[in-house]
Every structure is written in structure tokens, then in C-alpha cells.
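Engineer: Sequence and predicted structure are below.
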Amino acid sequence: MSTTFDASYDVVVIGGGGSGLSCAVQAAKDGLTCAVLEKEAQTGGSSSFAEGHAAFESDEQIKRGIDVTKTQAFDTYLDYSHWRADPALVSRFVENAATTIVKLRDEEGVVYEDVTVTALDQPGELTTWHLPEGEVARVIELLEADARRRGVDVFLSTAATKILQDADGKVTGVVATDADGQEVRLGAKAVVVGTGGYAGNPEMLDHYTRYGIGSRLINVGGPGNTGDGVRMMLDAGAVEHRSIGTLLLFPLMRDKTITSHTNCTGMQPYFWVDATGRRFVDEVVGLNFGHAGDVVAGLPGSMYWCLIDQAQIRHLVEDGNEIGLGIYVRNNEKMVNLPTEIEADAADEARTNVVKGATVEELAAKMGVPPAVLRAEVDAYNALCHAGVDSRFHKPAKFLFPVEEGPFFAIKMETGIMITMGAIKIDEHLRCLDKAGAPVPGLYSVGCDAGGMFGESYTLPVPGSANGFALTSGWLAADEIAAAIGAGAL
Ligand SMILES: Cc1cc2nc3c(=O)[nH]c(=O)nc-3n(C[C@H](O)[C@H](O)[C@H](O)COP(=O)(O)OP(=O)(O)OC[C@H]3O[C@@H](n4cnc5c(N)ncnc54)[C@H](O)[C@@H]3O)c2cc1C
């Protein structure tokens with residue numbers, strides 16, 4: 001049965017985030033006609049929140065004297081994933097990520113202000129986080145402008161709903177709902193799916209994970225990332241990667257922004273108790289926000305309380321924090337907003353996630369935990385702090401601050417989600433694979449929709465991996481498609 005298309009392109013890209021726009025620009029450079037379908041009224045998705053991206057042996061690293069090698073990066077990805085990541089895909093990314101930096105800088109006008117780590121005290125973290133001026137939001141602006149300049153049709157408020165195939169399973173195009181609510185059919189020799197995963201879809205989160213807290217996760221990423229692409233690719237015969245269900249979680253206050261100083265205080269490696277009022281972890285896990293997210297998601301109520309006293313508040317204001325939150329609160333930043341912000345939070349009757357008490361017992365009552373339990377936990381923790389040795393959870397002595405000087409505050413940290421990873425099985429050519437392991441002809445996946453880069457958790461010791469992979473997989477997919485079309489294979 002022949003299909004009539006409203007327009008036809010060499011490539012239709014579903015999703016106008018980092019991976020999709022990178023793909024579109026490269027497709028145009030390769031001489032292909034291209035359309036980008038973006039469901040939201042603007043491009044960017046989760047990529048517009050990212051601060052930086054990973055690369056290895058880039059000239060931006062070399063000129064700063066940073067000697068992270070490709071081999072170190074490759075080994076870290078594979079070791080960290082317990083070899084559940086796909087070596088060929090990891091290698092493709094590691095080998096090409098430095099080229100992404102050159103392309104963005106020399107061809108798009110991106111300026112790199114730094115290459116750094118996310119947490120100064122995180123052991124083994126590689127210096128791979130390339131920070132562009134204006135963050136990745138600026139990269140998105142530049143890529144979108146370049147795509148349009150090169151003739152790419154970028155359709156906003158246009159959601160793809162179905163991937164079309166012929167009788168042999170070869171991709172022929174996409175069905176979408178346009179900004180006027182009309183169905184449109186676009187023909188394509190290849191379709192690239194980069195819809196950014198399903199962090200905004202509680203049902204899919206529950207389906208693919210065992211946490212059962214999908215509706216409680218606080219999504220700070222793109223509102224459009226609801227798993228549409230994953231569903232469409234599965235419908236088209238692609239299969240799930242075994243790492244589907246990998247999430248990048250982190251501790252976060254409900255109804256706060258990620259720039260808040262109260263929120264950042266809740267991540268400090270000080271004194272944390274769970275919903276029962278008991279200490280449960282070496283709080284130094286807070287230096288790796290992804291690990292801390294995995295911890296908090298598994299706790300009763302998927303939350304913990306961080307307790308601080310006046311000495312800690314003074315320390316945070318005068319000396320700075322132990323850990324920031326990306327570039328939203330800088331590492332070692334003096335938390336000057338904290339005293340005013342936390343007092344206002346505690347005084348706000350509509351807010352239940354910051355409480356203040358003149359005594360530990362009063363604090364416990366407001367937290368809803370048994371005062372005697374919290375008193376005993378605080379006393380035990382203070383004794384460890386004074387001894388200088390955490391014989392319970394082995395926290396380094398430099399983070400052992402006693403909780404003694406009232407009034408005290410407790411900050412309730414819940415579970416935030418940035419992204420999902422590892423959805424659809426692809427090969428190193430970014431082609432979606434079917435259940436027999438063969439490519440679905442003409443179907444490609446990039447960025448967070450694609451599986452194979454990670455194991456059970458995000459490789460935060462290689463900071464910038466998600467956005468780095470999104471940007472790199474995008475242009476690699478375009479080159480693959482251009483080569484396949486050139487060879488008459490599509
Ligand atoms: C707060 C925050 C900070 C982060 N910081 C970093 C960082 O510093 N470094 C790093 O590496 N990673 C970071 N990340 C993660 C990173 O942003 C993403 O992993 C990556 O950039 C995702 O790119 P993507 O192209 O796969 O998806 P996205 O950029 O999310 O793009 C997907 C796009 O697809 C669109 N879409 C969805 N469904 C449809 C449909 N049916 N039709 C059409 N369009 C559709 C969405 O609206 C969205 O615009 C951060 C994430 C967050 C939330």
C-alpha cells in the first residue's frame with residue numbers, strides 16, 4: 001500500500017534536543033535534506049539544562065594540561081558498568097567525543113570557559129566536563145540557528161506519533177501531529193529518534209524500574225521527555241537494551257529550584273537520618289549526586305532529612321559548601337543566601353520540608369520522628385565526631401561536624417530525576433536492532449533513548465557523559481545515514 005506524504009526528506013529527526021539538533025546540523029552538512037520534529041514550543045529538552053559535556057584528549061583539555069586519555073575513559077565506562085555497557089558503542093563515543101568539541105567550537109561558535117570535574121573530593125573523577133559559555137542552552141541556540149540556516153525544517157509544537165515502515169520493515173517516514181493539531185505524514189529514507197527518554201512518564205518509570213515511585217519522582221528535565229520515542233521504536237520492531245531502567249536520580253527538595261541554597265545544604269555530607277529518625281549512610285555519598293539519588297530512592301518514603309546546627313550554617317556561609325550542584329550552586333561557593341532562605345522556609349506554613357527546633361526533641365516532633373530515637377542518633381553521631389572516627393559508616397573525619405548548637409534545622413530531601421538512560425538496543429553505527437540482532441532498516445537512535453553506554457547507574461566519574469553522548473551520537477548518526485544513502489543502502 002503506498003502512502004502519500006505531505007513532504008519528504010532524506011532524514012526526519014524526532015526530538016529537537018542536543019542529540020537531534022546535532023544530527024540535523026550534520027545531516028545538512030552532509031548534503032541531506034532534513035526535518036526536525038519537536039513536540040514542545042521550543043527546542044532543547046533536557047539538554048538545555050545541562051552544564052557541560054564529556055570529551056577525551058580534546059584540544060581544550062590538552063591546552064589546559066589535562067591528560068585524561070581515551071583509554072582511561074573507556075576503561076572507566078566499562079568497569080563502572082560491570083561490562084554491561086557495549087564496548088563497541090562506548091569506543092565509538094570515546095574516539096569521537098573530542099571531534100564534537102572541535103565542531104561545536106570551530107563550526108558553531110561555542111566558547112569553552114573551563115574543563116573540570118563535578119566534585120573536587122570525589123575519588124577517581126576524570127576531568128572531562130567541558131563547560132561552554134552560556135551552558136548547553138547556548139549550544140542548543142547555536143545548533144538550532146545553524147540547522148535553520150542550512151535549510152533544515154524545524155517544526156516546533158509538532159509531536160511524532162508513529163514511525164512508518166514498508167512491508168519489509170524498512171522505515172519510510174513518520175506520522176506527527178502538527179502545531180494546529182493536524183496529522184501530517186513525512187516521508188524519510190531514515191528516521192533518527194532522540195526524544196530524551198522517559199523521565200517525565202511515571203508509568204514507564206514504574207514499568208522499567210523496581211522503585212515503584214514513578215509518581216513521586218521530581219522531574220527537573222524536559223517536560224516533553226515522556227518516552228514517546230521509546231514506544232515508537234518498540235512498535236517499529238526495535239528491542240529494549242538490557243540496561244533499560246537506568247535512571248539519573250539525585251536528592252532534591254520538593255518545590256525548590258536547583259539554585260536554592262537550602263536545597264544544596266540538604267546534599268552536604270553532614271548528618272542525615274531516614275523517615276524513622278535513624279542515620280543510614282556515610283553521607284559522603286552526597287559528593288556523587290547520582291549515587292546519593294540511588295540511596296534516597298531506596299529509602300522509606302524515598303526521602304531523608306539533613307540536620308544542621310548553627311555552627312554548620314556559619315561554616316557554609318563563611319567557608320563555603322563541601323559540594324555544589326553543577327554550575328547551579330558552585331563547589332565551595334559561600335552559601336550567603338542560606339540564613340535568610342532557611343528561616344523563611346521554616347516559617348512558611350505551606351512548606352513542610354524545612355523545620356526548625358530550639359532542641360533536637362522539638363525538631364524531631366516537627367519531623368514526625370520519635371524524639372527519643374533522634375536524640376539517641378544525634379548523641380551517638382556527636383560522639384563519633386568528637387572521637388574523629390566514624391566507626392559506624394566510615395565517613396572521612398573532615399566531614400564529621402557535630403550537631404550541637406541550636407536552633408537546629410532539618411531539610412527534607414526527596415528524589416529528583418534528571419534523565420533516564422539505556423532504552424533501545426543499538427549498534428555502534430547508532431542503528432536500532434531487532435530481536436534477531438539485525439538493524440531495523442532506516443531506524444537510528446541517539447542520546448538518552450539509545451542504550452549501551454551505561455550499566456545500572458550513570459557514570460558520574462566521567463562527568464558530562466550524557467550530554468557528550470547525545471551531541472556526539474547525533475552527528476555520528478547523520479554521517480552513518482549519509483554513507484548508507486550514498487552506498488544505496490537506504
Ligand atoms: C538539570 C539537568 C542538568 C544536567 N546536566 C548535565 C551535564 O552537565 N552534563 C551531562 O552530560 N548531562 C547533563 N544532563 C543530562 C543531559 O541534559 C541529557 O542527558 C542529554 O543532553 C539529553 O539529550 P537528548 O537529545 O537525548 O534529549 P533532550 O535534550 O531531552 O531532547 C529530547 C527532545 O525530544 C522532544 N520530544 C519528546 N517526545 C517527542 C515527540 N513525540 N515528538 C517530537 N519531539 C519529542 C523533547 O521535547 C525534547 O526536546 C542534565 C540534565 C538535567 C535535567
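Structural biologist: Cool, got the structure.
Engineer: quick check, L443 in a helix?
Structural biologist: No - L443 sits outside any helix when classified using DSSP: H, G, I helix; E, B strand; the rest coil, being strand.
Engineer: Show me what it bridges to in the sheet.
Structural biologist: Under DSSP bridges, the beta-bridge partners of L443 are V191.
Engineer: any idea how far it is from D427?
Structural biologist: Going from L443 to D427 by C-beta to C-beta, to the nearest Å gives 12 Å. To be clear about C-beta, it is placed using only N, CA and C from the backbone, and glycine gets the same treatment.
Engineer: Where does the record place the domain boundaries for this protein?
Structural biologist: Listed by automatic domain parsing, the domain ranges of the chain are 7-245+422-486, 248-417.
Engineer: which of the ones you listed sits most buried?
Structural biologist: Among the domains of the chain, domain 7-245+422-486 has the highest mean neighbour count (mean count of other C-beta atoms under 10 Å), at a mean of 21.
Engineer: Which one of the residues in the stretch 351-490 of the chain is closest to the ligand?
Structural biologist: Nearest residue of the stretch 351-490 of the chain to the ligand (C-beta to the nearest ligand atom) works out as G447 at 2.2 Å.
Engineer: pLDDT score for the nearest residue to that residue once chain neighbours are set aside?
Structural biologist: Counting by C-beta to C-beta, 6 or more residues apart in numbering, S19 is the residue found nearest to G447 once chain neighbours are left out, at 3.1 Å. Residue-level confidence at S19 comes out at 98, pLDDT.
Engineer: my guess is A365 meets K356, correct?
Structural biologist: No - counting by C-beta atoms under 8 Å, A365 stays clear of K356, with 11.7 Å between them.
Engineer: ok but the residue nearest to G447 is inside a helix, no?
Structural biologist: Yes - according to three-state DSSP, S19 belongs to a helix.
Engineer: Run through the residues that contact it.
Structural biologist: 47, 194, 196, 446-449, 470-471, 473-474 (C-beta atoms under 8 Å, 6 or more residues apart in numbering).
Engineer: mind running it again at 6 Å?
Structural biologist: Applying C-beta atoms under 6 Å, 6 or more residues apart in numbering, one finds that S19 lies in contact with 194, 446-447, 470, 473-474.
Engineer: Farthest pair within those?
Structural biologist: Across these, no pair lies farther apart than G194 and S473, at 8.0 Å, counting by C-beta to C-beta.
Engineer: Now list whatever residues contact both of those two.
Structural biologist: Common neighbours of G194 and S473, using C-beta under 6 Å, 6+ apart, are 19, 446.
Engineer: The longest strand along the chain pairs with which strands, and in what direction?
Structural biologist: Taking DSSP state E as the assignment, the strand of the chain that covers the most residues is strand 408-421. With DSSP bridges as the test, strand 408-421 is paired with strand 218-219 (parallel), strand 246-252 (antiparallel), strand 304-308 (antiparallel), strand 354-357 (antiparallel).
Engineer: Tabulate the CA atom coordinates of that strand in PDB.
Structural biologist: The C-alpha trace of strand 408-421 is given here as PDB (Å, rounded to 0.1, in the frame of the first residue of the first chain):
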ATOM      1  CA  PHE A 408      18.500  23.300  64.600                       C
ATOM      2  CA  PHE A 409      17.000  22.800  61.100                       C
ATOM      3  CA  ALA A 410      16.000  19.700  59.300                       C
ATOM      4  CA  ILE A 411      15.700  19.700  55.500                       C
ATOM      5  CA  LYS A 412      13.600  17.000  53.800                       C
ATOM      6  CA  MET A 413      15.300  15.700  50.700                       C
ATOM      7  CA  GLU A 414      13.200  13.700  48.300                       C
ATOM      8  CA  THR A 415      14.200  12.100  45.000                       C
ATOM      9  CA  GLY A 416      14.700  14.100  41.800                       C
ATOM     10  CA  ILE A 417      15.300  12.700  38.400                       C
ATOM     11  CA  MET A 418      17.300  14.300  35.600                       C
ATOM     12  CA  ILE A 419      17.200  11.700  32.900                       C
ATOM     13  CA  THR A 420      16.600   8.100  32.000                       C
ATOM     14  CA  MET A 421      19.200   6.200  30.000                       C
END
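Engineer: Is the ligand within reach of it?
Structural biologist: Yes - using C-beta under 6 Å from any ligand atom, strand 408-421 reaches the ligand at 418-419.
Engineer: what's the next secondary structure element after that strand?
Structural biologist: strand 424-425 (DSSP states H and E).
Engineer: That following strand packs against which elements?
Structural biologist: strand 450-451 (3 or more C-beta pairs under 6 Å, 6 or more residues apart in numbering; DSSP states H and E).
Engineer: residues making contact with the strand it packs on?
Structural biologist: Under the contact criterion C-beta under 6 Å, 6+ apart, strand 450-451 has outside partners 241, 243, 422-426.
Engineer: quick revisit: narrow the contacts of S19 to those in helices?
Structural biologist: 470, 473-474 (DSSP state H).
Engineer: Would you reformat the contacts of strand 450-451 as JSON lines and include pLDDT and distance to P407?
Structural biologist: Shown next, in JSON lines, are the contacts of strand 450-451 (pLDDT from 0 to 100; distance: C-beta to C-beta, whole Å):
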{"residue": "H241", "pLDDT": "97", "distance to P407": "50"}
{"residue": "S243", "pLDDT": "94", "distance to P407": "46"}
{"residue": "G422", "pLDDT": "89", "distance to P407": "45"}
{"residue": "A423", "pLDDT": "95", "distance to P407": "47"}
{"residue": "I424", "pLDDT": "98", "distance to P407": "51"}
{"residue": "K425", "pLDDT": "98", "distance to P407": "54"}
{"residue": "I426", "pLDDT": "98", "distance to P407": "54"}
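Engineer: send the alpha carbons of the host helix or strand of T76 over as CSV?
Structural biologist: Using DSSP H and E, T76 sits within helix 70-80. What follows is helix 70-80, C-alpha atoms only, in CSV (Å, rounded to 0.1, in the frame of the first residue of the first chain):
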residue,chain,number,x,y,z
LYS,A,70,40.7,7.8,25.8
THR,A,71,41.9,4.5,27.4
GLN,A,72,41.1,5.8,30.9
ALA,A,73,37.6,6.9,29.8
PHE,A,74,36.9,3.6,28.0
ASP,A,75,38.1,1.6,31.0
THR,A,76,36.0,3.7,33.4
TYR,A,77,32.8,3.3,31.4
LEU,A,78,33.3,-0.5,31.2
ASP,A,79,34.4,-1.1,34.7
TYR,A,80,31.7,1.2,36.2
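Engineer: I'd like to know which elements it is packed against.
Structural biologist: Counting contacts by 3+ C-beta pairs under 6 Å, 6+ apart, helix 70-80 is packed against helix 87-102.
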